[in-house]
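Peer 1: sequence-free structure coming up:
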Ligand SMILES: Nc1ncnc2c1ncn2[C@@H]1O[C@H](COP(=O)(O)OP(=O)(O)OP(=O)(O)O)[C@@H](O)[C@H]1O
């Protein structure tokens, strides 16, 4: 893809009739880039991600995703755009009645793939996030860090072009946070564009990756973490 994979231009967003929680947001992501979005609780990080994965619409401005104006995308085509984006949700959103394996396989099942075609890939992916021995476990029996890693595996299983993660190290200790960061870096090396919302300043600093900073719904700074 020649241009940016994602572009915001003068974007604002509000929930219902409430005041805008995002104001005049403009930025671009190049394909294959890796960024953090930081900011205090309530600054608008999750709201920004929701706009990208098409869960909310802007009240003003223009968003281009994969070179398409999202406002002009027909409702029937939105799921196809959405499938190119993997999301690690802040609260995981795992299905409690499904095993770790089946949770991870869900995006592929929804896309119509047959279990025979993905069984080996899922086992490999769960091994990659350190859950090989927990494949048959239900989410309720997993630790917070294990759920986090399962959510990451599910977000990447369909090989998305963009990976969004909302506070992906919010529930884990420093060692695991670093491991999760390495998983994201590895994915990024394989070509996935990565955007992570985090208020873990240490992690962001260690990553050395570029940072968008949000303050009260406005992008106030563009900097870089302090190196690995
Ligand atoms: N579903 C919603 N309905 C109404 N207001 C909302 C909703 N979700 C978030 N908000 C408001 O939007 C603002 C931005 O919230 P958002 O969750 O985007 O911030 P955040 O930076 O991700 O915070 P945190 O780090 O605590 O997750 C806050 O004032 C919040 O109260």
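Peer 2: That came through fine. What you see is a predicted model; the values in this text were computed from it and never measured.
Peer 1: contacts and neighbour counts: CA atoms only from here.
Peer 2: Noted.
Peer 1: Buried residues of the longest helix that the chain contains, list them for me.
Peer 2: Counting by DSSP state H, the longest helix found in the chain is helix 174-189. Judged by neighbour count (16 or more other CA atoms under 10 Å), helix 174-189 contains these buried residues: 177-178, 180-181, 183-185, 187-188.
Peer 1: again, but for stretch 120-127
Peer 2: So, applying 16+ other CA under 10 Å, buried residues of stretch 120-127: 122-123, 125-126.
Peer 1: ok, now stretch 190-206?
Peer 2: Buried, per 16+ other CA under 10 Å, within stretch 190-206: 191-199, 203-205.
Peer 1: Now do that stretch, average pLDDT.
Peer 2: Mean pLDDT, computed over stretch 190-206, is 91.
Peer 1: Kindly report the same for stretch 20-38.
Peer 2: 96.
Peer 1: Same question for stretch 129-147.
Peer 2: 94.
Peer 1: next one: that stretch to chain centre, how far?
Peer 2: Offset of stretch 129-147 from its chain centre (CA atoms, centre = their mean, to the nearest Å): 20 Å.
Peer 1: Ok, stretch 115-124 next?
Peer 2: Offset of stretch 115-124 from its chain centre (CA atoms, centre = their mean): 23 Å.
Peer 1: before we move on, what about stretch 79-90?
Peer 2: Here stretch 79-90 is found 8 Å from its chain centre; the criterion is CA atoms, centre = their mean.
Peer 1: Enumerate the positions of that stretch that are buried.
Peer 2: 82-90.
Peer 1: how long is that stretch from one end to the other?
Peer 2: 21 Å (CA to CA, to the nearest Å).
Peer 1: can you list contacts of it?
Peer 2: Contact with stretch 79-90 is made by 53-54, 151-152, 155-156, 158-168, 170, as judged by CA atoms under 8 Å, 6 or more residues apart in numbering.
Peer 1: among those, which are within reach of the ligand?
Peer 2: Subset of these in contact with the ligand: empty, counting by CA under 6 Å from any ligand atom.
Peer 1: Which members of those occur in strands, if any?
Peer 2: 162-166 (DSSP state E).
Peer 1: pLDDT at residue 111, what is it?
Peer 2: Residue 111 is given a pLDDT of 86.
Peer 1: who touches the residue nearest the centre of the chain in this structure?
Peer 2: Centroid-nearest residue in the chain, with CA atoms, centre = their mean: residue 164, separated by 1.4 Å. Under the criterion of CA under 8 Å, 6+ apart, the contact list for residue 164 reads 49, 85-88, 194-197.
Peer 1: ok so, going back, just checking: what are the partner strands of whichever helix or strand comes after the longest helix of the chain?
Peer 2: Using DSSP states H and E, the helix or strand that follows helix 174-189 towards the C-terminus is strand 193-197. Within its sheet, and counting by DSSP bridges, strand 193-197 is paired with strand 34-38 (parallel), strand 162-166 (parallel).
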